[in-house]
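K.L.:
Let me see the structure of the following:
(one chain, ligands or ions: 2)
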Amino acid sequence: MKNGLEDVIAAETQLSDVDGEAGRLIIRGVSLDQLVAGGTYEGVAALLLDGLMERSFDEAELRGWLAKARTKVFVHIEAADAALLALPPVDAMRALIARLPDGEDFDTALGLLAAPAVFLPAVLRLQRGQKPIAPDTALSQAADILRMLTGKLPSKEQVAALDTYLVTISDHGLNASTFASRVIASTQAGLTSSVLAALSALKGPLHGGAPGPVLDMLDAVGTAENAGRWLAEALERGERLMGFGHRIYRVRDPRADALKGALKPLITSGQVDSARSALAEAVEAAALAILKARKPDRQLDVNVEFYTALLLEALFPREAFTGVFAIGRTVGWLAHAREQALDGRLIRPRSVYVGPLPAAA
Ligand SMILES: CC(=O)SCCNC(=O)CCNC(=O)[C@H](O)C(C)(C)COP(=O)(O)OP(=O)(O)OC[C@H]1O[C@@H](n2cnc3c(N)ncnc32)[C@H](O)[C@@H]1OP(=O)(O)O
Ligand SMILES: O=C([O-])CC(=O)C(=O)O
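P.N.:
Ligands and ions are numbered 1, 2, ... in the order given. The predicted structure is shown next:
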């Protein structure tokens, strides 16, 4: 038996392949490099959902339907009362998504793609005492998310950076949240239930909750000179270094460089301080050296969350990061849920009982 199901194959999928030895990610036959070159959220969503819903569509059609779906789900913001707004943004978002009807059809899927994109900016604004901003059907999903957050049209560099992020993290094999989505789908509970379960799995600090703590780490380190000492002390305390290590990758996560690349136009146009990325690079180098020295048997490298933190810091407040991850990953969860539902087989593994036996009569 493998603790944590390590190396256990639990599904066949046509959606994505993570090669942990080569450091390569393929999404539906397209390599990550090809996908991020000018790729948009709507483009990767159309690619992932192709053939899995009851109707077919291309990127342009999806963009139009998604824009309308954003407007449709906006009414649910009315349900954001004081108790809901006291929750962390990702939990408030989950509570609002739970209001959506369940189902297996395209309309349900569209609502679920639109909902996190609308609910997250609205929750963040309400938590700051500001009025939510209604969606604009003329905009792409990435541009509208940023506009609904700030009330201003984002720069083209900001939209491109967010599109690259959403494309990069859209799907990633059988990660914990996607597995959760497939387990729920296998019971035929419906797509909303799958997304809610997956979101609950995503928010943990070992999965999609890591980027906020990455920034906390950068802040605590403060200067490049301090990095080695601070990281050594953190490991002494038994802490894990956030943004490093991965269950599958034994080399650098290929998404780290895709996200680092997406940061460059923001740095060169003066929208991100180059000192911040220099500090991140110094912390990365120090962390890799110390992890290599302390865990020589384990190849621990940088994962997607390290440069996610830096990229998202340029666009969102820190408390929003896990919610932004969910905006991008929902399409992967939906595609996997549909693939699993079409397969039709209930997921039900076995456990080994190691508890006490009943006393003899
Ligand atoms: C989108 C994503 O989900 S990407 C991952 C985001 N999460 C993080 O960045 C949190 C930090 N990283 C981690 O906690 C882990 O690397 C995980 C959860 C991502 C993967 O966990 P596992 O597959 O169980 O780790 P793995 O088996 O490779 O760990 C082996 C050893 O390395 C250690 N290790 C792994 N990652 C780290 C880390 N970031 N910092 C310090 N030590 C680490 C483990 O403690 C373990 O040591 P031990 O055998 O002495 O107990
Ligand atoms: O694949 C994993 O286990 C975690 C991860 O990187 C992701 O979900 O993007």
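
K.L.:
CA atoms for contacts and neighbours, from now on please.
P.N.:
Will do.

K.L.:
Residues contacting stretch 177-191, please?
P.N.:
Residues from elsewhere that reach stretch 177-191, judged by CA atoms under 8 Å, 6 or more residues apart in numbering: 102-104, 108-109, 193-195, 197-202, 332-334, 336-338, 340-341, 344-347.

K.L.:
correct me, but Asp144 touches Pro135?
P.N.:
Yes - contact criterion CA atoms under 8 Å: Asp144 and Pro135 qualify, at 6.5 Å.

K.L.:
of the two, who's got more company?
P.N.:
Asp144 (27 against 22; other CA atoms under 10 Å).

K.L.:
After the strand or helix carrying the more buried one, heading C-terminal, what element do we hit next?
P.N.:
Using DSSP states H and E, Asp144 maps to helix 141-150. Sequence-wise, the next helix or strand downstream of helix 141-150 (DSSP H and E) is helix 156-168.

K.L.:
Which positions in that next one come out as buried?
P.N.:
Using 16 or more other CA atoms under 10 Å as the test for burial, helix 156-168 gives Glu157, Gln158, Val159, Ala160, Ala161, Leu162, Asp163, Thr164, Tyr165, Leu166, Val167, Thr168.

K.L.:
May I have it exported as CSV, CA atoms only?
P.N.:
This file holds the C-alpha atoms of helix 156-168, laid out as CSV (Å, rounded to 0.1, in the frame of the first residue of the first chain):
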residue,chain,number,x,y,z
LYS,A,156,-2.7,45.1,-21.8
GLU,A,157,0.3,43.7,-19.8
GLN,A,158,-1.9,43.0,-16.8
VAL,A,159,-4.5,41.1,-19.0
ALA,A,160,-1.8,39.2,-20.7
ALA,A,161,-0.2,38.2,-17.4
LEU,A,162,-3.5,37.0,-16.0
ASP,A,163,-4.4,35.1,-19.2
THR,A,164,-0.9,33.4,-19.0
TYR,A,165,-1.5,32.5,-15.4
LEU,A,166,-5.0,31.1,-16.0
VAL,A,167,-3.8,29.0,-19.0
THR,A,168,-0.7,27.8,-17.1
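
K.L.:
which secondary structure elements does it contact?
P.N.:
helix 32-36, helix 41-49, helix 141-150, helix 254-268, helix 321-343 (3 or more CA pairs under 8 Å, 6 or more residues apart in numbering; DSSP states H and E).

K.L.:
For Gly245, find the nearest of those helices.
P.N.:
helix 254-268 (12.2 Å; CA to CA).

K.L.:
Who are the contact partners of the residue nearest the centre of the chain?
P.N.:
In the chain, the centroid-proximal residue (CA atoms, centre = their mean) is Phe325; its distance is 2.8 Å. Shown in contact with Phe325 (CA under 8 Å, 6+ apart): Leu166, Ile169, Gly208.

K.L.:
These also near ligand 2: which ones?
P.N.:
Ile169 (CA under 6 Å from any ligand atom).

K.L.:
nearest to ligand 1, of the contacts of Phe325?
P.N.:
Here the nearest of the contacts of Phe325 to ligand 1, counting by CA to the nearest ligand atom, is Gly208; it sits at 4.9 Å.

K.L.:
Which residues does the one helix or strand Met217 maps to contact?
P.N.:
Per DSSP H and E, Met217 falls inside helix 211-221. Contact with helix 211-221 is made by 227, 230, 242-243, 279-280, 283, 305-306, 308-310, 318-319, 321-322, as judged by CA under 8 Å, 6+ apart.
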